[in-house]
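Student: sequence first, then the predicted structure, then my questions.
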Amino acid sequence: MFLLNARITAMREVARGMAVISIAAPEIAAIVRAGQFVNLGWAGVFLRRPFSVYRADGERIEVVLKAVGRGTSQLLAMGPGDVISCLGPLGHGFDLEAGSRTAVLISGGLGVAPMPLAAKEASALGMRVTWVHGARSIDELCSESAGDEVIWATDDGSRGIAGTAISAAPDGDVVLACGPNRMLAAVADRWPEALVAVETYMGCGTGVCLGCAVPLTRGGYDRACKEGPVYRAADIDWAALPSHLSYAVTV
Amino acid sequence: MFLLNARITAMREVARGMAVISIAAPEIAAIVRAGQFVNLGWAGVFLRRPFSVYRADGERIEVVLKAVGRGTSQLLAMGPGDVISCLGPLGHGFDLEAGSRTAVLISGGLGVAPMPLAAKEASALGMRVTWVHGARSIDELCSESAGDEVIWATDDGSRGIAGTAISAAPDGDVVLACGPNRMLAAVADRWPEALVAVETYMGCGTGVCLGCAVPLTRGGYDRACKEGPVYRAADIDWAALPSHLSYAVTV
Amino acid sequence: MTVDMSVAVAGMKLRSPVLAASGAFGYGTEVPLLDRRALGGMVSKGIFLRPRTGSPPPRIVETPSGMLNAIGLQGPGVDALIRDYAPQWASWDFPVLVNINGESVSEYGDLVGRLDGVPGVAGFEINISCPNVEQGGLYFGNDPRAAAAVTEAVRRRTTLPVWVKLTPMVTDIGVIARAVEGAGADALCAVNTFVGMSIDLNAYKPRLSFRTGGLSGPAIRPLAIHLAHQAARAVRIPVIGIGGVTNAEDALEFLVAGCSAVQVGTATFINPRAIAEIHDGISAHLELRHLNSLAELPRYLPRD
Amino acid sequence: MTVDMSVAVAGMKLRSPVLAASGAFGYGTEVPLLDRRALGGMVSKGIFLRPRTGSPPPRIVETPSGMLNAIGLQGPGVDALIRDYAPQWASWDFPVLVNINGESVSEYGDLVGRLDGVPGVAGFEINISCPNVEQGGLYFGNDPRAAAAVTEAVRRRTTLPVWVKLTPMVTDIGVIARAVEGAGADALCAVNTFVGMSIDLNAYKPRLSFRTGGLSGPAIRPLAIHLAHQAARAVRIPVIGIGGVTNAEDALEFLVAGCSAVQVGTATFINPRAIAEIHDGISAHLELRHLNSLAELPRYLPRD
Ligand SMILES: Cc1cc2nc3c(=O)[nH]c(=O)nc-3n(C[C@H](O)[C@H](O)[C@H](O)COP(=O)(O)OP(=O)(O)OC[C@H]3O[C@@H](n4cnc5c(N)ncnc54)[C@H](O)[C@@H]3O)c2cc1C
Ligand SMILES: Cc1cc2nc3c(=O)[nH]c(=O)nc-3n(C[C@H](O)[C@H](O)[C@H](O)COP(=O)(O)OP(=O)(O)OC[C@H]3O[C@@H](n4cnc5c(N)ncnc54)[C@H](O)[C@@H]3O)c2cc1C
Ligand SMILES: Cc1cc2nc3c(=O)[nH]c(=O)nc-3n(C[C@H](O)[C@H](O)[C@H](O)COP(=O)(O)O)c2cc1C
Ligand SMILES: Cc1cc2nc3c(=O)[nH]c(=O)nc-3n(C[C@H](O)[C@H](O)[C@H](O)COP(=O)(O)O)c2cc1C
Ligand code: FES
Ligand code: FES
């Protein structure tokens, strides 16, 4: 885990109001795994804000976001040259094991966030990667993708299949999903073994505050920032997991 | 009184660490009088910060400052194009009456702040203006001046007379002074009729909170933001006025 | 559609649930840039029977998301208030309540007796919660018997609305709230400032000359919402929420938590247009939710 | 010159006055980037006799300069603590105190009885001030008799240091402080979080599932300094200041106000290096003032 004062190096729009920010954080870029996140801090917010790592190369990591509140608005108002505090990599990402032949990645809205790294890791393990991208409409669909096959699904049919990403998704040896907690609950119904990345409120991001409680089907709570944010879908007590978080509701 | 979202248009250094900021605030520039102040607010501070108006032309006002704390440091880190909230003009400035022949302006350190406007108003009333500039050393002496005669005084003798601005100052029909409260107390000893601009903590700047209490020789308190910040020197109970404020201690 | 923003607080009809808090508007005579249409009412700066000089400076310290003040209830006394301010209030189109202070139970009663019937005085906010005076103030606010005694003394002297302003510095605000309700208060105002201290690391002593001050501003908002909510759950009379309201969302939190109205103090120092913006923001929220009036706003006030 | 930063708190020698607060470091086993040399000691996350699941999410809300938490004292219970954590603590070069919780006076005593003598357990911080549990916690903290009873029950079971952590939610913290001192506490920790509430304007109900939470962070600092100062004035035993310490200046304010040491909680969530920076900043301050040791720092503690 590293704590860096990291410079924003670039910013690009990938959907209406959705942007990718590049951050110079070589130490983190070198070791981050798909599904892990960074906890970003800057003067305008009190608590840090967690963001999945979207891409990583030798020097930089990327995060993708939309303005859903005060913090994300402030972050989007920054630009190349601005410095933010970057803590990471954090959490337990997608555990992909060699041996599977096909991987299906399902993302709703901002749930694209961990997918480029996941596609890369799955490909490296020899899997054929199908990424199903869902959003409300074509404007809100992230324009970037990865993998061997890409399927689009929009609620209003403005691009790809009309319907949800779940209904549009084929089966696969491994299914990975990220998006609104409500969508993940539906993933859990169809693919109990799917690996899903959940959202919770976070205090510390490092496992010490117990703020990020994820209710488990076996009872009790896990820490999204430590045991998670990636879980086996069937392990989560979806009814007890708040589904109103912003990241979560922004399909 | 106006409340404006005002753009910073320029910034220049006038002594070591001392800068003048120009702000586009035409409504205020049009009516501000010498000794009045503006109360500036921006995202990084909770309360607004009061600053004397240094100069004013048709469109812009200027303030001069040094970094003495969090707020002033933030302000100095801003630049042209940044927008700040500007409330003013506030307070009761120097009441200059026609009929006096000579005006002596005495400033210590940042106490230069109200003087350019004061020099202009005194000149307009036909007075001969002598401005005595004091500071610890030549580096801290504001490089700008106004008036018919300028006298420099530094504690270490690195420019002008070695000694305080007070010891260097001639007598005049009217004496105006601004600087550390301790210096103003000395002014009051020599020229009880001098008009002096004092510093206090301020809550509102508009006369409603009673936070800016100035202890009076006749007992009780005035509001620096309303009856002041300019007072007849003999009217202030100097022993009861805090002399540790930052503006005040930065000679 | 225009939303009906009016609210009746114990019989006093207010055109807006947004009021000016005591100490943040002086006597209302020099409030800059105030958009009066938005103002439901004003509570004047705290007054004693006799003039008071207040505390020596420094009286103010900034703190994270808040400020400490120790003004010490500087004021001209009741005679000057009746002479200089009440006549102006009489011509205004919103009610002005006078914030009442005393060093003894009888002083509170006498002060209200003097002001009852004076044109311009629409009601009283009884301050039993000022942390910044040596005598009176907080002492009456943190003992249910003393709080009730003050309320009764005042109640006997007037038929105008009597609001009692509670201190947060108590173990159980519900106990004080019920005591004051039982003694005849028409409404409760929750809360006054919290006692705080800040240390000057050059002088190694408190920054404020009074040593301590009252904390106000957004820093205290979550605490104030909780206390106003607890007070509202404890009594049947209306509760007016106070503490750290800076925008419409903040005000709505108090209203949803069971308050009939809110008062705004410190926020107006920073944004002299705060009252109008809060008023308009509440109205916009109601409109967005297709609510025709403030009365239709859902409340969260379990009585268990 | 190196400054002597050590301090003895009721006989327990600490190498630094900067401690890790309960709930902000878990059991100390996964504290990221911690510079241990700066740490005077650690208080573990609050523990009950039996395992506890804690509160449902959401458990956290950000507020102006602070946060509300309602964790609900999730924890593995004393057996797991003795098995999994105490052995690790035994090898560390700073003392670990266990934050003790109970639903009854006897439970507090029993828990300390179980932990007394366990290698790695250097002392106890008795939590009579947690706002986030239905039973116990705050109930014991706001009644001087109950507070004394818990302290006595614990005192009888151990000769290790017993620190008692006070709640700010009381009318007079001095009364509780004296009661606890009389019952045998070695030191006081002031303060725990303040109860607060935040309302979700979409759902029109509290944001936290537990309805209320404890406010921590810089927002409460001026209040915490005042309360720690009041406690220090009321008793002869050491007081450890807690609440909103984020940097060396904040810590120094508590120390000047009469505290022997400070604990740091929330700030470490934002800056995992906070403890070391605070330690080094205090040392630099002392050096700048030509003070050779922390003991020479001037204090402001009038006993009137
Ligand atoms: C592991 C993880 C990975 C995430 N990855 C991404 C990502 O890649 N891209 C993205 O856009 N968003 C991501 N989020 C969500 C993102 O962290 C929140 O949207 C962001 O914190 C909102 O901040 P805000 O200041 O704009 O919102 P605020 O105005 O503070 O609040 C609005 C909403 O933001 C959420 N929120 C606020 N504070 C926190 C917090 N401390 N922790 C979690 N949620 C909070 C809540 O839902 C709240 O209702 C992720 C969250 C988690 C837990
Ligand atoms: C009428 C008036 C005119 C002023 N004109 C100028 C000027 O032209 N140029 C200039 O550099 N300074 C001026 N000052 C002083 C200036 O306002 C303070 O130096 C500034 O507020 C410090 O802010 P800070 O955030 O940097 O300091 P902080 O870090 O907040 O505190 C450091 C010190 O700043 C002072 N201070 C902080 N807040 C306030 C406040 N709300 N009101 C008053 N003082 C405060 C205190 O002395 C405090 O000890 C003036 C003050 C007054 C009252
Ligand atoms: C400078 C100042 C002066 C105050 N004076 C009084 C007063 O005279 N009487 C009173 O009851 N409350 C007084 N208060 C308390 C406010 O009315 C209000 O209860 C408190 O500030 C919390 O609200 P806020 O956070 O919106 O400011 C004062 C507050 C401030 C900041
Ligand atoms: C997430 C969280 C969990 C906490 N858990 C405990 C606890 O288990 N026992 C306890 O006595 N205090 C607990 N506290 C209170 C802190 O120890 C501390 O008293 C309080 O947070 C104020 O300090 P701070 O502002 O530095 O955080 C907790 C605080 C937070 C923020
Ligand atoms: S966010 Fe603190 S434990 Fe997960
Ligand atoms: S600063 Fe508020 S009255 Fe002067």
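Tutor: Happy to help now that I have it. Ligands and ions are numbered 1, 2, ... in the order given.
Student: get me the contact residues on chain A for ligand 1.
Tutor: Residues of chain A lying near ligand 1 by Cβ under 6 Å from any ligand atom: A:37, A:47, A:49-52, A:63-66, A:68-72, A:110, A:113, A:199-202, A:224, A:229, A:245-247. Glycine gets a C-beta too; all of them are placed from N, C-alpha and C.
Student: list the contacts of residue 120.
Tutor: Unless you meant another one, I'm taking chain A. For residue A:120, the contact set (Cβ atoms under 8 Å, 6 or more residues apart in numbering or on different chains) comprises A:34, A:146.
Student: I was after chain C.
Tutor: Shown in contact with residue C:120 (Cβ under 8 Å, 6+ apart): C:85-92, C:96.
Student: helices along the stretch 151-251 of chain A, start to end?
Tutor: Assigned by DSSP state H, counting those that start in this stretch, the helices in the stretch 151-251 of chain A fall at A:165-168, A:181-190, A:246-249.
Student: contacting residues around residue C:291?
Tutor: Applying Cβ under 8 Å, 6+ apart, the residues near residue C:291 are C:3, C:297.
Student: just the pLDDT for it.
Tutor: With respect to pLDDT, residue C:291 has a value of 97.
Student: for it, helix, strand, or coil?
Tutor: In three-state terms, and counting by DSSP: H, G, I helix; E, B strand; the rest coil, residue C:291 is coil.
Student: which ones are touching the residue of the stretch 1-150 of chain C found nearest ligand 4?
Tutor: Using Cβ to the nearest ligand atom, the single residue of the stretch 1-150 of chain C nearest to ligand 4 is residue C:64, 10.6 Å away. With contact set as Cβ under 8 Å, 6+ apart, residue C:64 has these partners: B:46, C:219, D:64-66, D:217-219, D:221, D:244.
Student: switch to 10 Å and redo it
Tutor: By Cβ atoms under 10 Å, 6 or more residues apart in numbering or on different chains, residue C:64 lies in contact with A:46, B:46, C:217-219, D:64-66, D:217-222, D:244, D:246, D:250.
Student: try residue C:142
Tutor: Residue C:142 sits next to C:128-129, C:166-171, C:173, C:175-176, D:170-172 when contact means Cβ under 10 Å, 6+ apart.
Student: got it, and residue A:100?
Tutor: Here residue A:100 is in contact with A:122, A:125-128, A:172-174 (criterion: Cβ under 10 Å, 6+ apart).
Student: okay, and the beta partners of residue A:222?
Tutor: residue A:214 (DSSP bridges).
Student: pLDDT wise, what is it at?
Tutor: Looking at residue A:222, its pLDDT reads 96.
Student: so it sits against residue A:230, correct?
Tutor: No. Residue A:222 sits out of contact with residue A:230 when judged by Cβ atoms under 10 Å, with a separation of 11.0 Å.
Student: tell me the buried residues in stretch C:250-260?
Tutor: Across stretch C:250-260, burial judged by 16 or more other Cβ atoms under 10 Å in any protein chain shown covers C:250-260.
Student: pLDDT and distance to chain A added to those, as a markdown table?
Tutor: Below are the buried residues of stretch C:250-260 laid out as a markdown table (pLDDT from 0 to 100; distance: Cβ to the nearest Cβ, whole Å):
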| residue | pLDDT | distance to chain A |
| --- | --- | --- |
| C:250 | 98 | 13 |
| C:251 | 98 | 18 |
| C:252 | 98 | 16 |
| C:253 | 98 | 16 |
| C:254 | 98 | 20 |
| C:255 | 98 | 21 |
| C:256 | 98 | 16 |
| C:257 | 98 | 19 |
| C:258 | 97 | 22 |
| C:259 | 98 | 24 |
| C:260 | 98 | 28 |
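Student: fine, thanks again, bye for now.
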